[in-house]
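Chemist: okay, sequence plus prediction incoming.
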Amino acid sequence: MSRGNLFSIRMRSAKSGGHISGAEGIYERNDISSIVKEYTDRALIHDKGAADEIRITVEELKEKPKKISSLPLFTLNTRNAEAAKKAAKAILTSIGITERAVEEAFGALDVGITMRGAMLMNIEGVRLEPDLLRGVRVTRMGITQKAATELSKKLGRLGLNNSAVKEALVLASKVHKYRMVLGELCISDDPNYTTGYVATRTHGYIRLPHIKKRGVPFGGRAFFITGGEVKDLIKYLQITPVLINNIKPCEGVVTLKEILERKAHRQP
Ligand code: PML
Ligand code: MG
């Protein structure tokens, strides 16, 4: 990704007005037609049903992307939704997010509405995004070809080389680069995808298997944020182009205790 201008390619699809899927990346001009095909195919065969509306945006970036590393990735051995929630709570409260906020986030992700974007919550659980129905969609992020190959290799060793993991890791890595964001909770809205994650700058990206029961067609993301200008944060999340060019370790299954203890040895 060195020569020529870069393009943000974004897709979102809907059925009867409801959100079905989204995908996003930063690519070179030569890749545009194959990516548009890939995103269209994906929208047409989604587990949530075939979309009746697919919107694809191809836009040249006016700004050079900021290059960042991915968050390190871990998986916990959570066996059911209760264990996943307990682990999410332990990790998120260890950095100052209140238990109430984590409860609020789980509650809001469970009401049966899938927002297009993420919720923004302060550490007390108060919603701060200007549009409570749409949320804030993170856009203009991607991964260099070299880093993508490296990530596929590392995830492949763990049997995790799929687009759900890769795209969520890229998104979370962009989000957590911004200091105002303390933590994230994500539950997939795909009915067949039951692994969610929490992320923080100190702990990394921690996958939580069985966070929801198979067949549940809703989910979403909550970002827990601390003091600062919400409009600057939204501008960063939506507008600032970010490219992952370095991959941090991707580890297999670890214990919650290890995650909580490792925190102390990491640079925030
Ligand atoms: C989604 O795209 O709906 C969210 C995917 C979360 C991926 C969690 C993981 O397996 O790491
Ligand atoms: Mg999804």
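Modeler: Done, it's in. Ligands and ions are numbered 1, 2, ... in the order given.
Chemist: a strand runs through Ile20, doesn't it?
Modeler: Yes - judged by DSSP: H, G, I helix; E, B strand; the rest coil, Ile20 forms part of a strand.
Chemist: got the contact list for it?
Modeler: 13-14, 43, 46, 48-49, 51 (Cβ atoms under 8 Å, 6 or more residues apart in numbering). Heads up, the C-betas are built off the backbone N, CA and C, glycines and all.
Chemist: and if you look at Arg140?
Modeler: Under the criterion of Cβ under 8 Å, 6+ apart, the contact partners of Arg140 comprise 8, 24, 26, 61, 65, 238-242.
Chemist: thinking again about what came up before, show me which of the contacts of Ile20 are buried.
Modeler: Burial by neighbour count, 16 or more other Cβ atoms under 10 Å: within those this picks out 13-14, 43, 46, 48, 51.
Chemist: show me these that map onto strands.
Modeler: Secondary structure defined by DSSP state E assigns 13-14 of the buried ones among the contacts of Ile20 to strands.
Chemist: any chance of the buried ones among the contacts of Ile20 in CSV, with distance to Val136 and pLDDT too?
Modeler: As requested, the buried ones among the contacts of Ile20 are arranged in CSV below (distance: Cβ to Cβ, whole Å; pLDDT from 0 to 100):
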residue, distance to Val136, pLDDT
Ser13, 19, 92
Ala14, 18, 90
Ala43, 21, 87
His46, 22, 74
Lys48, 21, 77
Ala51, 22, 88
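Chemist: out of the buried ones among the contacts of Ile20, who's nearest Arg214?
Modeler: For those, the closest approach to Arg214 (Cβ to Cβ) belongs to Lys48, at 13.4 Å.
Chemist: pretty sure the closest one sits against Gly22.
Modeler: No - no contact is recorded between Lys48 and Gly22 when judged using Cβ atoms under 8 Å, the distance being 11.7 Å.
Chemist: picking up where we left off before, which one of the contacts of Ile20 is nearest Ala108?
Modeler: Once Cβ to Cβ is applied, the member of the contacts of Ile20 that ends up nearest Ala108 is Lys48, at 19.5 Å.
Chemist: how close does that closest one sit to Ile187?
Modeler: Distance from Lys48 to Ile187, counting by Cβ to Cβ, to the nearest Å: 14 Å.
Chemist: Arg140 too?
Modeler: Here the distance between Arg140 and Ile187 works out to 24 Å (Cβ to Cβ).
Chemist: circling back: select only the buried ones of the contacts of Arg140 in PyMOL?
Modeler: Typed into PyMOL, the next command selects the buried ones out of those (criterion: 16+ other Cβ under 10 Å):
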select buried, resi 8+24+26+65+240+241+242
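Chemist: nearest residue to the residue of the stretch 51-200 of the chain found nearest ligand 1 in space, please, no chain neighbours.
Modeler: For the stretch 51-200 of the chain, the nearest residue to ligand 1 under the criterion Cβ to the nearest ligand atom is Ser188, separated by 3.4 Å. Counting by Cβ to Cβ, 6 or more residues apart in numbering, the nearest residue to Ser188 once its immediate chain neighbours are dropped is Gly219, at 4.9 Å.
Chemist: who are the contact partners of the one you found?
Modeler: Each residue near Gly219 by Cβ under 8 Å, 6+ apart is listed here: 109, 114, 186-190, 196, 212.
Chemist: could you find the lowest-pLDDT member of these?
Modeler: On pLDDT alone, Thr114 ranks lowest of those, at 76.
Chemist: good, we can wrap up now.
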